[in-house]
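Visitor: Here is a sequence together with a model predicted from it:
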Amino acid sequence: MRLQVKGGKRMISLHCCQTSGISADVHQQQNWIRRPRGITELLVPGALLVLMPKCPMCLAAYVAVATGFSMSFSSAHILMRSLTALCVGTLALCVVRRVVSCRHTKQAFKIQPTQVSR
């Protein structure tokens, strides 16, 4: 795709498969940065979900010890359910992103009809 810029200059955008002007070091650096980020995306909500107390009173006690603020049972229960929903939603989003990116990088299957023998 070519876009007109002031002064008659043209900008050429490359497709994802073209690497003209981009060195292999840049791609390797991007992969080096992307890999820990992908692991962290899955680890943080999973660890929070595993380490979160299952009892609202325990959660209220942890909040009181960590911050010095006390919580009622009902607010601790709401916080616990909200954190659980947030963690599960984040994990689901990460899984959907991975599935979509895997499907995007692979070629589509070519299914051809076969003749049914009688």
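Guide: Received, thanks. Numbers count the residues shown, from 1 in each chain.
Visitor: Packing partners of the helix ranked longest in the chain?
Guide: When the chain is parsed with DSSP state H, its longest helix is helix 73-105. Judged by 3 or more C-beta pairs under 8 Å, 6 or more residues apart in numbering; DSSP states H and E, the packing partners of helix 73-105 are helix 24-51, helix 56-67. For glycine as for every other residue, the C-beta is placed from the backbone atoms N, C-alpha and C.
Visitor: Output the below-cut-off pLDDT ranges for the chain.
Guide: Across the chain, the ranges flagged by pLDDT under 70 are 1-34, 106-114, 116-118.
Visitor: just the helices and strands packed on helix 73-105: most buried one?
Guide: For the helices and strands packed on helix 73-105, the largest average neighbour count (mean count of other C-beta atoms under 10 Å) is found in helix 56-67, namely a mean of 14.
Visitor: can the helices and strands packed on helix 73-105 go into JSON lines with extra columns for distance to residue 103?
Guide: Formatted as JSON lines, those follow (distance: least, C-beta to C-beta, whole Å):
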{"stretch": "helix 24-51", "distance to residue 103": "16"}
{"stretch": "helix 56-67", "distance to residue 103": "38"}
